[in-house]
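J.: I'd like to go over a predicted model; first the sequence, then the structure.
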Amino acid sequence: MIIMIRSSLLVLSLFSLIYGLYFLFFPYNFVNLTEANQINVAWLRNIGASITGLLFLGLLYIYINPSKSLKLLVIITATSIMQTSALIYSRLFSEFSAKKTFLIDITIYSAIVVTIYLVFITIKYKRLFN
């Protein structure tokens, strides 16, 4: 089971790298795809940096050295819960300027799946990370 969980953390880490770098280096592309206002894309770069730094590097570290990584996993999971909740809130209250929300919805659904998975392994398999 540890091999499967570690492999899933590596996949999530690499997915976070791709996703984070996309927002960090190509925020205008996302803005154009969603037909959002180009007034302030700094928040997209900031989110990209956070995803790359915390999720990619953090999950990669846990993949490499799962023992004694529980505290980091809890921090990553709590951050994921907060970020996902903020995305959902912003979507429900129409805070996005995007005219095409399909990609935003995919982002939210992906964040929900990742968050549920992180909560699950943090609770059920925490002994693997002690």
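T.: Received the coordinates, thanks.

J.: how about the helices in this structure?
T.: With DSSP state H, the ranges of helices along the chain come out as 2-25, 27-34, 42-50, 58-64, 70-92, 102-124.

J.: Out of those, flag the one nearest N130.
T.: With Cβ to Cβ as the measure, helix 70-92 is the member of the helices of the chain nearest N130 (5.5 Å). (C-beta placed from N, C-alpha, C; glycine too.)

J.: Taking their axis directions, that closest one and helix 2-25 sit at what angle?
T.: Here the directions of helix 70-92 and helix 2-25 differ by 50 degrees (axes from the mean of the first three to the mean of the last three Cα atoms, to 10 degrees).

J.: quick one: low-confidence parts of the protein?
T.: The model of the chain has no residue with pLDDT under 70.

J.: who touches the nearest residue to V41 once chain neighbours are set aside in this structure?
T.: Distances taken as Cβ to Cβ, 6 or more residues apart in numbering place P27 nearest to V41, at 4.1 Å, with adjacent residues excluded. P27 is in contact with V41, L44, R45, G48, counting by Cβ atoms under 8 Å, 6 or more residues apart in numbering.

J.: hmm, which of those residues are the buried ones?
T.: V41, L44, G48 (16 or more other Cβ atoms under 10 Å).

J.: Could you report the distance from the last one to F56?
T.: Right, G48. Distance of G48 to F56, computed by Cβ to Cβ, to the nearest Å: 10 Å.

J.: what residues are shared contacts of these two?
T.: Residues touching both G48 and F56 (Cβ under 8 Å, 6+ apart): G20.

J.: Report the distance from stretch 117-130 to the chain centre.
T.: Mean-position distance between stretch 117-130 and its chain equals 17 Å (Cα atoms, centre = their mean, to the nearest Å).

J.: What residues sit buried inside it?
T.: For stretch 117-130, burial by neighbour count (16+ other Cβ under 10 Å) applies to Y117, L118, I121, T122, L128, F129.

J.: how about those residues in JSON lines, adding distance to G20?
T.: Shown next, in JSON lines, are these (distance: Cβ to Cβ, whole Å):
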{"residue": "Y117", "distance to G20": "18"}
{"residue": "L118", "distance to G20": "16"}
{"residue": "I121", "distance to G20": "21"}
{"residue": "T122", "distance to G20": "21"}
{"residue": "L128", "distance to G20": "25"}
{"residue": "F129", "distance to G20": "22"}
